Structure formats: structure tokens, C-alpha cells
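1. Sequence isn't available, so here's the structure alone:
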DNA sequence: CTAGGATCCTGTCAGC
DNA sequence: TGCTGACAGGATCCTA
């Protein structure tokens, strides 16, 4: 699930809540969810959280020990903080608000009080992940950038050079379907299934179009749309506990606030009124307006 | 080298 | 009700 805007929301939330705290204890309830890479518990227990960074969909929690906790939420990961103020972000589920740990909890961190924190009664950070695809690795901070996945990663959408890098990278996949190409993290960092569909709808490009059949102008429009929709999502706060629970107590969906096509099949296109369809492209569920987004066989 | 499909895992939902 | 298969906000590994 979590794509760039959601991971950024996690980063901002955790920055407020855990920077300055020390790690008192860690418990991995699923071995594959927590891995030591050239580091041990000695690099974790007692270390203070100094900064929290993000690269694409990867979260990087720097510690005073010279090591970092590097995490990927994949499809169903979420971070939940409990202690004083409660907070949660990532893939929205009832684990945002239920008692923890629960059956989706994979790793738990016990954290210290901050200086001058009044009435401290414990602080815990939970990494929950229903499908167990996500992971957290403890490793030396200096080695984080050498992770193959980060080495190959394309530009952040907000970098100055992002548009030209995106164009150069995506042109290396002329036979790919454009949806598959923009989901490729080596082309551009941070896009996932939601923002891929939203970007292509905004750029009026059909997701099954081959990259080689698109003009530079169309590719630029896709890039601009992706950056715009992700910016808007970050500003609206991604998916957090706060917007998961409606005022009346029922469960809401933060997509309601900005999605034009994603999970809107059967509803009217906000641009032309045509019924949104759900199809399958590049092995992923894909939402389109069949009128705005011309099929690949038609001349664009 | 690129492109496409299977795969990792749990949970839910539609259809029989 | 109970079973079965499809599918899910991701990325890697394997094959052609």
C-alpha cells in the first residue's frame, strides 16, 4: 500500500513523536520482518533516535549509535505509536485503533521518555504488517545508501532534475506498458498503484499504452501529474489514524479526499461524467475513464 | 539488456 | 453454511 505520500506522512509523524527517545527494547514476533545486517542489538538498545529520513517508499530511522533502522511497509505495513499521544499511519486497518500487539504485529520497540516529558507512562512503536511482505533492517548508517534497491532508485519527484531523469529513465522501456513503467522504482521513486492510476487519468493517457507510442510532451504531463497528485496527498495527510475514524465513529477512507479514479469504478468521471471502469493492466487492478483515456489503438 | 509472469503471505469477498 | 478462487496501495526472482 503505502506509497510515497503515506511514507512521508509516517516520516513526519514519527519525527514528532520519537526523535530524542532511546530504544529500550525490541521484540520481533516474526523473524523475517526484522533483520540484522552487520549490526547487533548493541547498536540498537540504548541508542537515541536522531533523525528520520525517507527515500522513495523507504523509511530510514537514524540512531546515535551510527546505525539505522531501514524499513519498507510494502503492501500492508503500518506504524503505530502508543504512549501519551496515540498515532498511526500507513496501510489503514483496525490495528490503527485496536489493542496492540495483535495478530498483525511483527516488531515492537519500547522507547524511553523524552527530557521533561511529564506523566510518562511508557512509549511503544509497533510495526504491523498483515501480509509479512514488509521489513525492517538494522544496519550501519553508512551502508544504507549501498542497498541495491536504493542504489538503483530513480529520482524523487521533487528534485530539480527529476523530470529530465524521469524522461531519460522511462525511455529505456519503450516496449513496456506505461503503467508498468511508472510503477518501476528505478524510473521514478515513490509511485504505487494508486498514484499510477491517478496520474494517468490526470494526464489523459491510457495505462496500456506502450511507452514508445507516447510523445515527450505526454510523458512530461504524466510526470507533472504524478508530482501534483502526490503533493496534494501529502498535504492532506496521507492515511493516518486521525482521518481513518470518522466523526461518527465509522471507518473512513482517506482516498475519498483526493481520488478521481482509484476505487471509483461504477461512478462518474469527474471530468466528463463517463462511468469509471476497472480493468487489468500489467497484472494490477487499474482504474480508468474509458473516454478521457484513449485506448492504445486510437491515435492520441 | 528488457519484458512479463510467478512468488512471497494473510485476509476478505464474490460465486457456487 | 462451506468451499474455492481471485484479488489486494510492492518488489524481487526467474525465464524467454
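-> Yep, that arrived. Since this is a predicted model, take the numbers as computed values, not measurements.
2. what does chain A put close to DNA strand C?
-> Applying C-beta under 7 Å from any atom of the strand, we find that chain A lies next to DNA strand C at A:1-3, A:6, A:56-57, A:72, A:74-75, A:90-92, A:131, A:133, A:148-149, A:183, A:185, A:192-194, A:238-239, A:253-255, A:280, A:283-285. Every C-beta, even on glycine, is put in place using the N, C-alpha and C of the backbone.
3. give me that answer again for 6 Å
-> Proximity of chain A to DNA strand C (C-beta under 6 Å from any atom of the strand) is limited to residues A:1-3, A:6, A:57, A:74-75, A:91-92, A:133, A:149, A:185, A:192-194, A:239, A:255, A:284-285.
4. which residue does the stretch 201-300 of chain A bring closest to DNA strand C?
-> At 2.1 Å from DNA strand C, residue A:285 is the closest residue in the stretch 201-300 of chain A, using C-beta to the nearest atom of the strand.
5. Can you list the strands that the helix or strand hosting that residue pairs with?
-> Take DSSP states H and E as the rule and residue A:285 turns out to sit in strand A:284-288. Next to strand A:284-288 in the sheet, as set by DSSP bridges, lie strand A:277-281 (antiparallel).
6. which residues touch the strand it pairs with?
-> A:177, A:179-180, A:207-208, A:265, A:285-290 (C-beta atoms under 8 Å, 6 or more residues apart in numbering).
7. before we move on, what about stretch A:92-106?
-> By C-beta under 8 Å, 6+ apart, the residues outside stretch A:92-106 that reach it are A:28-30, A:33-34, A:76, A:78, A:80, A:82, A:88, A:108, A:124, A:126-130, A:132, A:134, A:239, A:241, A:244-245, A:251, A:253-254.
8. which of those residues are buried?
-> Buried residues within these, counting neighbours by 16 or more other C-beta atoms under 10 Å: A:29, A:33-34, A:76, A:78, A:80, A:82, A:88, A:108, A:124, A:126-130, A:134, A:239, A:241, A:244-245, A:254.
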